[in-house]
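Asks: sequence first, then the predicted structure, then my questions.
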Amino acid sequence: MRWYETASLATAVLLSLVALGGLVARRKVGVCRSFVPYLGAVALADLMTLGWAETFYQQWFWFAKELVIHVLRFGVALELGYRTFRAFPSARASVRALALLILALTFGIVFAGAVDLEPVPGADALGPLISRVQPRILNGTIWLLSGIAGLILWYRLPVHPWHKAILTGLVAYLLAFSTSLSWIESQGWGVREYANQLHTGAFLVMLCYWAVAAWRRAEEPVRSPESGSAPAASLNRAAG
Amino acid sequence: MIGASVASCFVVLFLFGRRNERAVRQDWALLLTPRGEKVYHTIEGRVRTEMALANLTYDEAFSVRALGSVDEAKHLLDVGYKVIERFSPSILQLLTTMTRFSRMVSAMAPVAPLRPKDFRLTEIASLAYLNGLLHQFLVSTAERYRLRVYILGQSFGLATRALLRSTRRIVRDEPEAEQEWDQIESVREDFETLTRESLDSLRVLLTSLSAERKEDVLKGLQE
């Protein structure tokens, strides 16, 4: 393992722990319960790679870790959707249909991509799974999260700041991750190191953002505009 | 596939990131509490006052013209147009906001399409016919509501432009300017009808919002 890989892994573990600490200290664990196992799994996998590099700094472990994280990430996306839309029946029906459509579409494109898994010369046996199948799973997650964000915008639904931080952080990071894997698929494994740096950089930025958001204090409860100094609501403003 | 995915996600991410969450929460807090009814009365009061001011100016212009003071009548006509010019964007913004808020409602109360015979300007009556026709093709009450509000917005635009055209012709003493006084009378009536229909639409929206499952949403807003 190179020195900057060790440094980035150590930073990732530290930032994950800071974010988890913030969630506990600010009592935000219950705001999105599936997020804690997700971030916990991320931190644990990084810690294992860092502490026992000879055993776990291997492609099979990285792939297995990513598979587990994919499942947990889908869980986070579905919980965000459930929590945000549960009080709004009309929007809830839309998000349910969207989630089903995206899950079906993701399964379809993943199976389509898994037809030919012959590794290119010079690549490992897991190579096609990582560079061909993985981006398709990532795309499915990106579509699901972006779809949820799009429906929140369309229905103008209120969203918890922590949910917003998870959504924006994940979508931005996954876009970088998916792009880096597609880069490897199109340019070959020679660009792996640069692709890895792009993906790791985005990952650390996301963890920083989450750590800050997790420690941020909750905003004051919203008051009705006429009951205090709060700015006028848009309906009121619209009338001039 | 990746390119399309990246582009669409960036757009959503950008819009989602820059949205003012506090304003959204305040809108919900306002609409799901009894304050909503108060806001309706405030908006109704403002709109009616502005409309009354415009009517007063136009009445005065018509009276002065009948007494033979044409220059004074032209001046009052210009003042009346300025009142409408100021009033029109705020009502258009109100209609835009109503469209946005209509998406926040789970079940919208039914609305009737605009009636062509209520309007005197041919263009607006045609839009009302179009409203009636498209109304039959839409399935949900929310879509019908948004169509009605959209037609109202377009009609306000048409009426404002017609008023500007007629006022300019009269002020510039263009040929057949006398006929424009009748046109202004028609536009005034249409403005009143459009304002009344807009306020009815606002009331439908607030009635629909009052039927929401408020407890869950209000609890979420307090988190």
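Replies: Structure's in. What do you need? Numbers count the residues shown, from 1 in each chain, chains lettered A, B, ... in the order given.

Asks: any regions of the chain where pLDDT drops low?
Replies: Because you didn't say which chain, this covers chain A. For chain A, the stretches with pLDDT under 70 are A:117-128, A:131, A:219-240.

Asks: wait, chain B
Replies: For chain B (pLDDT under 70), the answer is B:1-3, B:31-33, B:35-37, B:211-223.

Asks: mind redoing it with 90?
Replies: The model of chain B has pLDDT under 90 over residues B:1-14, B:16-59, B:61-62, B:64-110, B:139-142, B:163-185, B:188, B:191-192, B:199, B:202-223.

Asks: how far away is A:Trp154 from chain B?
Replies: 6 Å (C-beta to the nearest C-beta, to the nearest Å). Every C-beta, even on glycine, is put in place using the N, C-alpha and C of the backbone.

Asks: now do the same contact list for that residue.
Replies: Shown in contact with A:Trp154 (C-beta atoms under 8 Å, 6 or more residues apart in numbering or on different chains): B:Arg103.

Asks: what helices or strands is the host helix or strand of A:Leu98 leaning on?
Replies: Per DSSP states H and E, A:Leu98 falls inside helix A:89-113. With contacts defined as 3 or more C-beta pairs under 8 Å, 6 or more residues apart in numbering or on different chains; DSSP states H and E, helix A:89-113 has these neighbours: helix A:59-85, helix A:134-155.

Asks: in chain B, which spans are helices?
Replies: B:2-18, B:21-31, B:35-66, B:70-102, B:122-137, B:141-171, B:177-210, B:214-222 (DSSP state H).

Asks: for the ones you listed, give me CSV that also has mean neighbour count and distance to chain A.
Replies: As requested, the helices of chain B are exported to CSV (neighbours: other C-beta atoms under 10 Å in any protein chain shown; distance: least, C-beta to the nearest C-beta, whole Å):
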stretch, mean neighbour count, distance to chain A
helix B:2-18, 15, 4
helix B:21-31, 21, 4
helix B:35-66, 17, 4
helix B:70-102, 19, 4
helix B:122-137, 16, 20
helix B:141-171, 20, 8
helix B:177-210, 19, 9
helix B:214-222, 14, 4
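
Asks: circling back: and the contacts of the helix holding A:Leu98?
Replies: Residues outside helix A:89-113 that contact it (C-beta under 8 Å, 6+ apart): A:78, A:81, A:84-86, A:132-133, A:136-137, A:139-141, A:143-144, A:147-148, A:151, A:155, A:157, B:105-107, B:142, B:213.

Asks: okay, now A:Pro89: neighbour count?
Replies: When neighbours are counted by other C-beta atoms under 10 Å in any protein chain shown, A:Pro89 registers 12.

Asks: now the contacts of helix A:89-113: which count as buried?
Replies: A:78, A:81, A:84-85, A:132-133, A:136-137, A:139-141, A:143-144, A:147-148, A:151, A:155, A:157, B:105-106, B:142 (16 or more other C-beta atoms under 10 Å in any protein chain shown).

Asks: just to revisit the earlier point, what's the closest of the helices and strands packed on helix A:89-113 to B:Ile91?
Replies: Nearest to B:Ile91 among those is helix A:134-155 (24.0 Å), distances taken as C-beta to C-beta.

Asks: now the angle from that closest one to helix A:89-113?
Replies: Per axes from the mean of the first three to the mean of the last three C-alpha atoms, to 10 degrees, the angle that helix A:134-155 makes with helix A:89-113 is 160 degrees.

Asks: measure the one residue sitting closest to the centre of chain A to B:Ser126 for me?
Replies: Most central in chain A under C-alpha atoms, centre = their mean is A:Leu170, positioned 3.1 Å from the mean C-alpha point. Distance of A:Leu170 to B:Ser126, given as C-beta to C-beta, to the nearest Å: 49 Å.

Asks: can you check B:Ser186 too?
Replies: Separation of B:Ser186 from B:Ser126 (C-beta to C-beta): 14 Å.

Asks: for A:Thr141, same thing?
Replies: Separation of A:Thr141 from B:Ser126 (C-beta to C-beta): 49 Å.

Asks: now swap in A:Arg192 and tell me
Replies: For A:Arg192, the distance to B:Ser126 - C-beta to C-beta - is 64 Å.

Asks: kindly report the same for A:Ala218.
Replies: As for A:Ala218, its distance to B:Ser126 is 53 Å (criterion: C-beta to C-beta).

Asks: what does A:Pro158 give?
Replies: On the measure of C-beta to C-beta, A:Pro158 and B:Ser126 end up 40 Å apart.

Asks: next: A:Trp162.
Replies: Computed as C-beta to C-beta, the A:Trp162 to B:Ser126 distance reads 51 Å.

Asks: what's the answer for A:Leu67, then?
Replies: 61 Å.

Asks: A:Gly190 now?
Replies: Distance, A:Gly190 to B:Ser126, using C-beta to C-beta: 65 Å.

Asks: same question for B:Val187.
Replies: 15 Å.

Asks: ok, B:Val39 next?
Replies: Taken as C-beta to C-beta, the span from B:Val39 to B:Ser126 is 33 Å.
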